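Colleague: Just the structure for this:
(one chain, ligands or ions: 2)
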Amino acid sequence: MQRAAHFALYDWTHILSSSTARQCLKCRAAPLQLSSRGYSVLPPPRDSEEKAMLDRILRVDHAGEYGANRIYAGQMAVLGRSQIGPLIQDMWDQEKKHLGKFNEILAENRVRPTALLPLWNIAGYLLGASTALLGKEGAMACTVAVEESISEHYNSQIRALMEKDPDRYIELLKVIKEFRDDEMEHHDTGLEHDAETVPGYWLLKNVIQLGCKAAIYASERV
Ligand SMILES: [Fe+2]
Ligand SMILES: [Fe+2]
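Modeller: Ligands and ions are numbered 1, 2, ... in the order given. Next comes the predicted model:
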């Protein structure tokens, strides 16, 4: 938990300053696994335009996974001891893995996270907790809305990278595709657990998805 917080929000500069050693001095994170290409996920950027494009992708994906973690934290605070608790915990555990991976990739490529993390910290938690207060179905409706937005977002990144150069971005594509599949699973889990039966489902889903779109737009730019 402590390590997650360390990675996620406050000490990213610390990780960057020690990235030449490929190990965080503070939490002793495991060294990155480098492929035979000599890099783990991203090729060294060809020019500033490519660097800016990749930075934008990494920054928004990191923000999304960070926000997802906070949403599940909020859900667990309300429903953690209920029957649905273990299922929410399973999805949260996968989000922790996703966030950990993007923390690694950001550090390795010296990309700063979005400046909006403190906002996503609070907004994500409040969204998770408030929808969970509507009951299990409210939490699941939130999961369906958010996971659908994240899956669509990942799909559009996959399309863009495939159009640019599928071979060059093969490792990044693998990561995004794997995470996209996890998010779709979370989405389906929400539907299987009565998301659509919460009163006002359509409105709730659309409001949350509007928020997700705004968060994606802002996190790519700030
Ligand atoms: Fe995720
Ligand atoms: Fe997810």
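Colleague: Would you mind measuring from the nearest residue to residue 89 once chain neighbours are set aside to residue 93?
Modeller: Closest residue in space to residue 89, ignoring its immediate chain neighbours: residue 76 at 6.5 Å, by Cβ to Cβ, 6 or more residues apart in numbering. The C-beta positions use only the backbone N, C-alpha and C, and glycine is treated the same way. The gap separating residue 76 from residue 93 is 11 Å, by Cβ to Cβ, to the nearest Å.
Colleague: Have a look at these two and say which one is more surrounded.
Modeller: residue 76 (21 against 10; other Cβ atoms under 10 Å).
Colleague: and the residue sitting furthest away from the middle of the chain, which of the three is it?
Modeller: What lies farthest from the middle of the chain is residue 199; by Cα atoms, centre = their mean that is 27.8 Å. Following DSSP: H, G, I helix; E, B strand; the rest coil, residue 199 is assigned to coil.
Colleague: For it, give me phi and psi.
Modeller: Per-residue torsions, residue 199: phi -60, psi 130 (degrees, to the nearest 10).
Colleague: I'd like to know which residues of this protein are adjacent to ligand 2.
Modeller: Applying Cβ under 5 Å from the ion, we find that the chain lies next to ligand 2 at 183, 186.
Colleague: got the residue ranges for the helices in the chain?
Modeller: 2-5, 12-17, 48-79, 85-108, 117-133, 136-164, 170-192, 201-221 (DSSP state H).
Colleague: among the helices and strands of this structure, which has the poorest mean pLDDT?
Modeller: Ranked by mean pLDDT, DSSP states H and E, the weakest helix or strand in the chain is helix 12-17, scoring a mean of 38.
Colleague: Residue of this protein nearest ligand 1, please.
Modeller: Residue of the chain nearest ligand 1, by Cβ to the ion: residue 98 (3.7 Å).
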